[in-house]
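Asker: From the sequence below, what's the structure:
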Amino acid sequence: MNFIKAITVFALMSISVYGNAATIESPATIETPTTWTLDSANSRVNFISIKKGNIGESHDFTDLTGVIAGNKASVIIKPDSVESRVPIRNERMRELLFETGVYPTIEVSADVAGQLDDLKSGDSLLSTVAASVSMHGITNKLDLELRISKLSSDVLIVSSTQPVIIRAADYNMVDGIVKLSALVNNLAIAESVPVSFTLQFKLAK
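Answerer: Okay, the predicted model is just below:
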């Protein structure tokens, strides 16, 4: 009888031990943040300069990189890639306005928590996102009015619905505008420019 009791106790202990072991060994589920990378070939950042009070000229930046990872979005612009369709003007803006030898990047970052969670293919939404813009050694906070569209399961478009007004004084760039003006017979050049953008992101594989 004692032998039977011993076998029974051993069996119960084994069930308890293995049951606990099974609980301990069950792996926890860890979610990996979704990552989107900027498709620079299909993205554009554009600004309009105004001279003589009413003459607008369009400019682009052609070197863009960026990523959306989890709740954070970031885009890096190389101002050395500024394109005005006039080579000498490109050179002057690089050297005198953006001073790319000292400040080689313009960096934009934003918190996009909750913006993409429920977005399905074919859907779009309008949103105001607080962003940090770092340029010419200075960082400022700006609100971006955006349309976020999910074209497909692996393509996302983020575009401005209203131009972002960038003021030279906010980034210590007025002196650069004065220097540019002096090279063209003190032609009046506006110290604020509207910036628009369309950014295409692809789901990282």
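
Asker: what's across from the nearest residue to V108 once chain neighbours are set aside in the sheet?
Answerer: Spatial nearest neighbour of V108, excluding adjacent residues (CB to CB, 6 or more residues apart in numbering): V75 at 4.7 Å. Every C-beta, even on glycine, is put in place using the N, C-alpha and C of the backbone. Applying DSSP bridges to V75 gives these bridge partners: G66, V108.

Asker: switch to numbering from 785
Answerer: Will do, 785 is the new start, and the previous item becomes V859.

Asker: E875 - how many residues pack around it?
Answerer: Burial of E875 is recorded as 12 neighbouring residues (other CB atoms under 10 Å).

Asker: Tell me the secondary structure at it.
Answerer: helix (DSSP: H, G, I helix; E, B strand; the rest coil).

Asker: How far away from the center of its chain is stretch 888-901?
Answerer: Between the centre of stretch 888-901 and the centre of its chain there are 4 Å (CA atoms, centre = their mean, to the nearest Å).

Asker: same thing with stretch 938-952?
Answerer: 10 Å.

Asker: Please apply the same query to stretch 903-918.
Answerer: That offset, for stretch 903-918, works out to 10 Å (CA atoms, centre = their mean).

Asker: same check, this time on stretch 841-858
Answerer: Centroid separation between stretch 841-858 and its chain, computed with CA atoms, centre = their mean, is 5 Å.

Asker: For the chain, which segments count as strands?
Answerer: 819-822, 828-835, 839-845, 848-853, 856-861, 866-867, 890-895, 908-919, 922-936, 939-944, 948-951, 976-987 (DSSP state E).

Asker: Distance of the residue nearest to V892 relative to V870?
Answerer: 25 Å (CB to CB, to the nearest Å).

Asker: okay, those two: which has more neighbours?
Answerer: The residue with more neighbours, out of V859 and V870, is V859; 24 against 12, by other CB under 10 Å.

Asker: How much space separates that one from L910?
Answerer: 19 Å.

Asker: about what we covered before: can you redo the strands of the chain as TSV with distance to E875 and mean pLDDT?
Answerer: What follows is the strands of the chain, written out as TSV (distance: least, CB to CB, whole Å; pLDDT from 0 to 100):
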stretch	distance to E875	mean pLDDT
strand 819-822	26	96
strand 828-835	15	97
strand 839-845	13	97
strand 848-853	20	97
strand 856-861	18	97
strand 866-867	10	98
strand 890-895	18	97
strand 908-919	19	96
strand 922-936	23	97
strand 939-944	28	97
strand 948-951	21	98
strand 976-987	19	97
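
Asker: Nearest to M957, out of those strands?
Answerer: Between M957 and these, the shortest separation by CB to CB is 8.0 Å, and it involves strand 908-919.

Asker: neighbouring contacts of stretch 982-989?
Answerer: 818-823, 826-829, 848, 850, 852, 859, 937-944 (CB atoms under 8 Å, 6 or more residues apart in numbering).
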